[in-house]
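>>> Return atomic coordinates for the entry below.
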Amino acid sequence: MSKNQINVLRWLLPTACLCILTIPSFTNLTTQATTIDRPVKGRQESRSTQTTTNSVVNLEEATIESIHQAIASGSLTCTQVVNYYLTRINALDSKVNALLYVNPNAIKVAAQLDQQYAKSGRVGALHCIPVIAKDNYDTTDMPTTAGYVGLKSSVPPNDAFTIKRLRDAGAVILAKSNLTEFARGGTTVSSLGGQTLNPYDLTRTPGGSTGGGGAAIALNFGVLATASDTGQSTRSPASANNLVGIRSTYGLVSRSGIVPVSFTQDNTGQIARTVRDAAIMLDVMAGYDPADPTTAFGMGRKPNSYASELDPNSLQGARIGVLQDFFGTEAIHTEVNTVTMAAAKKMQELGAEVISIQIPDLSALTADLQVGDMEFKTALDQYLKSRGPHVAVKSFDEIMKRGDFHPAIAESMQTSSEFGDLTSNQDYRDRLLRRADLRQAVMKVMADNNLDAILYPHQKRLVVPVGEDQVERNGVLSNSTGFPSVTFQGGFSQPTKSAPIGVPIGIELLGPEWSEAKLLNYAYAFEQGTQYRRPPQLKAD
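Residues are numbered from 1 along each chain as shown. Okay, the predicted model is just below:
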């Protein structure tokens with residue numbers, strides 16, 4: 001079956017309700033859903049049961065807490081929640097092309113959760129919370145493709161470790177999102193899914209590589225999205241879509257069951273509309289996994305709950321260093337610089353002490369430091385082998401021979417093809433050693449200035465127009481040290497015709513290893529003091 005032949009049932013509300021299928025006013029689910037067939041690229045069939053409710057519940061910009069409150073009050077069932085999101089996906093996804101697959105079992109899972117709730121209450125911390133999984137996470141009920149057309153029919157035998165943790169906590173894995181193919185870049189385009197668009201400005205990309213998840217959460221297709229971050233693939237779409245994204249300390253969250261890029265740099269990620277929801281997601285996903293030995297380093301490092309410790313006053317007394325090296329100096333950087341410096345000033349107003357800092361020789365320390373291109377071939381071969389005999393393609397070399405990946409990743413694929421055994425590659429060994437130099441430099445500037453965290457714009461300029469390569473991102477400080485960072489809403493550029501409320505600009509806080517709780521607290525205090533989250537103004541036809 002080709003990607004253009006795969007169908008998903010379209011979920012429609014009666015005509016009286018379709019008039020409110022817009023953002024930001026699409027808020028209510030008041031009557032039963034009906035369905036019709038509609039071909040949607042790369043998606044599977046989904047089925048619904050008919051449900052009714054006499055209540056009117058606001059699900060626009062819904063949070064974990066608001067959904068749980070609605071279920072507890074009897075205003076909504078889980079089946080109705082899932083129907084709402086499926087309806088919204090079918091009303092709006094054709095405008096941004098964020099998703100590859102919709103879970104054919106979503107309504108069945110929701111009905112089971114309703115039955116369990118009636119018997120014993122919530123299943124877990126994410127009971128009935130719709131999650132959009134990046135399509136490099138293994139899922140047993142949908143294909144896992146990494147956006148590659150050659151894997152379009154390849155369904156893994158097991159869930160990724162973190163997908164299982166999400167399901168065990170009660171989450172509904174609602175759909176799989178488009179990504180830059182094999183997570184090899186920042187623009188979210190793939191041979192299976194094509195180009196995803198930014199819902200705030202349809203002329204621009206949504207960042208990447210988790211741009212499908214970013215666009216989906218911005219448009220309220222779900223509450224949470226899983227991400228991966230080799231370079232900045234969680235934080236880039238968070239920045240570009242007015243969201244919160246977490247790249248945690250290397251070793252806190254398992255990477256097993258996720259299509260890899262780099263043994264050294266790969267990390268899982270969490271994307272949400274609020275800091276609290278992202279923190280709850282991290283609570284669920286973090287933990288020791290024998291299949292990913294790096295998580296042994298996280299043993300004993302996780303607090304009882306990142307979410308329960310959030311304090312809106314936490315910036316009081318914090319000492320934040322604004323990293324001047326990560327600001328641009330040309331006219332194209334003006335809007336990002338203005339928003340970031342305004343955010344620093346706001347942190348001062350919220351009680352933080354903010355100082356300007358620089359890291360000596362930072363450009364030299366971060367030059368030629370990435371190892372993803374070098375490690376990709378070996379990492380992918382190991383993953384494909386682990387999938388067993390039924391995976392559609394067996395090796396990196398087979399993919400190169402087929403040549404059916406998207407042209408946007410052709411150069412990086414060719415580069416990776418030139419690397420085999422790395423044990424005798426001196427450049428590779430030097431890069432690994434120089435990561436320690438960057439770690440030392442970051443920790444020294446924090447110690448010299450008695451800093452709690454470092455602040456900078458996630459990228460120096462606005463997310464790029466479709467067709468351009470994403471440039472001037474500041475992900476290296478986290479991806480090449482293993483230190484955690486949190487990206488969150490800093491504000492918007494000036495409105496334009498294509499971006500009626502402006503293009504989102506994300507700011508980022510970085511700290512030492514295992515400082516996630518502190519970083520999330522600072523982001524939460526800023527979020528509560530500013531309320532910069534705004535949904536896109538994209539409307540259904």
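
>>> for this protein, which helix is longest?
Secondary structure of the chain per DSSP state H: the longest helix is helix 426-448.

>>> quick one: buried residues of that helix?
If you call a residue buried by 16 or more other Cβ atoms under 10 Å, then helix 426-448 has these buried ones: 428, 431, 434, 435, 438, 439, 441, 442, 445, 446. C-beta: built from backbone N, CA, C; applies to glycine.

>>> how about the helices in the stretch 201-350 of the chain?
Secondary structure of the stretch 201-350 of the chain by DSSP state H, counting those that start in this stretch: the helices cover 211-218, 235-240, 275-285, 334-349.

>>> Find the nearest non-adjacent residue to residue 412, please.
In space, and not counting its chain neighbours, residue 412 is closest to residue 184: 4.9 Å by Cβ to Cβ, 6 or more residues apart in numbering.

>>> Need the helices of the stretch 201-350 of the chain in JSON lines (columns: distance to residue 512, mean pLDDT and mean neighbour count).
Below are the helices of the stretch 201-350 of the chain laid out as JSON lines (distance: least, Cβ to Cβ, whole Å; pLDDT from 0 to 100; neighbours: other Cβ atoms under 10 Å):
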{"stretch": "helix 211-218", "distance to residue 512": "27", "mean pLDDT": "98", "mean neighbour count": "35"}
{"stretch": "helix 235-240", "distance to residue 512": "18", "mean pLDDT": "98", "mean neighbour count": "36"}
{"stretch": "helix 275-285", "distance to residue 512": "17", "mean pLDDT": "98", "mean neighbour count": "25"}
{"stretch": "helix 334-349", "distance to residue 512": "19", "mean pLDDT": "98", "mean neighbour count": "18"}
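
>>> Make a markdown table from these and add distance to residue 325 to it.
A markdown table is the format used below for the helices of the stretch 201-350 of the chain (distance: least, Cβ to Cβ, whole Å):
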| stretch | distance to residue 325 |
| --- | --- |
| helix 211-218 | 26 |
| helix 235-240 | 17 |
| helix 275-285 | 26 |
| helix 334-349 | 13 |
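
>>> Those: which one's closest to residue 145?
For those, distance to residue 145 was read as Cβ to Cβ. The smallest value, 11.8 Å, belongs to helix 211-218.

>>> now that closest one, how far from the chain's geometric center?
Distance of helix 211-218 from the chain centroid (Cα atoms, centre = their mean, to the nearest Å) equals 7 Å.

>>> tell me the angle of that helix relative to helix 275-285?
Helix 211-218 and helix 275-285 meet at an angle of 130 degrees, taking axes from the mean of the first three to the mean of the last three Cα atoms, to 10 degrees as the criterion.

>>> elements contacting helix 211-218?
On a contact count with 3 or more Cβ pairs under 8 Å, 6 or more residues apart in numbering; DSSP states H and E, helix 211-218 meets strand 99-102, strand 130-134, strand 172-177, strand 224-228, helix 235-240, strand 268-272.

>>> Report the rounded mean pLDDT for the helix or strand that contains residue 381.
Assigned by DSSP states H and E, residue 381 belongs to helix 372-386. Helix 372-386 shows a mean pLDDT of 97 in the predicted model.

>>> Let me know the next secondary structure element after that helix.
By DSSP H and E, the next helix or strand past helix 372-386 is helix 396-402.

>>> next SSE after that following helix?
Scanning forward in sequence from helix 396-402 by DSSP H and E, the next helix or strand is helix 410-417.

>>> Just want the angle from that next one to helix 372-386.
If you take the same axes, to 10 degrees, helix 410-417 sits at 80 degrees to helix 372-386.

>>> elements contacting helix 410-417?
So helix 410-417, by 3+ Cβ pairs under 8 Å, 6+ apart, packs with helix 372-386, helix 396-402.

>>> okay, those in a markdown table with mean neighbour count and distance to residue 289 next?
Listed next are the helices and strands packed on helix 410-417 as a markdown table, based on neighbours: other Cβ atoms under 10 Å; distance: least, Cβ to Cβ, whole Å:
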| stretch | mean neighbour count | distance to residue 289 |
| --- | --- | --- |
| helix 372-386 | 19 | 14 |
| helix 396-402 | 15 | 25 |
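
>>> Export those helices as TSV, with columns for distance to residue 329.
Shown next, in TSV, are the helices and strands packed on helix 410-417 (distance: least, Cβ to Cβ, whole Å):
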stretch	distance to residue 329
helix 372-386	28
helix 396-402	40
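
>>> Please identify which of these is closest to residue 487.
Nearest to residue 487, of all these, is helix 372-386, at 19.5 Å by Cβ to Cβ.

>>> Would you mind getting the angle between the closest one and helix 426-448?
Helix 372-386 runs at 110 degrees relative to helix 426-448, counting by the same axes, to 10 degrees.

>>> name the helices or strands packed onto helix 372-386?
By 3+ Cβ pairs under 8 Å, 6+ apart, helix 372-386 packs against helix 396-402, helix 410-417.

>>> Give me the contact list for the last one.
Contacts of helix 410-417 from elsewhere in the structure, counted by Cβ atoms under 8 Å, 6 or more residues apart in numbering, are 182, 184, 185, 373, 374, 376, 377, 396, 397, 399, 400, 405.

>>> Give me the distance between the two termini of stretch 69-78.
Stretch 69-78 has an end-to-end distance of 12 Å (criterion: Cα to Cα, to the nearest Å).

>>> And that stretch, how far out from the chain middle?
Worked out by Cα atoms, centre = their mean, stretch 69-78 lies 27 Å from the chain centre.

>>> Mind listing what's buried along that stretch?
By neighbour count on 16+ other Cβ under 10 Å, the buried set for stretch 69-78 is 70, 71, 75, 76, 77, 78.

>>> Those: which two are farthest apart?
By the measure Cβ to Cβ, 75 and 78 form the most distant pair in the buried residues of stretch 69-78, at 12.1 Å.

>>> okay but residue 158 is in contact with residue 140, surely?
Yes - with contact defined as Cβ atoms under 8 Å, residue 158 and residue 140 form a contacting pair (6.4 Å).

>>> Nearest to residue 153, out of the buried residues of stretch 69-78: which one, please.
residue 78 (29.6 Å).

>>> returning to that earlier point: including secondary structure, distance to residue 295 and pLDDT, could the buried residues of stretch 69-78 go into a markdown table?
As requested, the buried residues of stretch 69-78 are exported to a markdown table (DSSP: H, G, I helix; E, B strand; the rest coil; distance: Cβ to Cβ, whole Å; pLDDT from 0 to 100):
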| residue | secondary structure | distance to residue 295 | pLDDT |
| --- | --- | --- | --- |
| 70 | helix | 35 | 96 |
| 71 | helix | 32 | 97 |
| 75 | coil | 39 | 95 |
| 76 | coil | 36 | 96 |
| 77 | coil | 36 | 97 |
| 78 | helix | 31 | 98 |
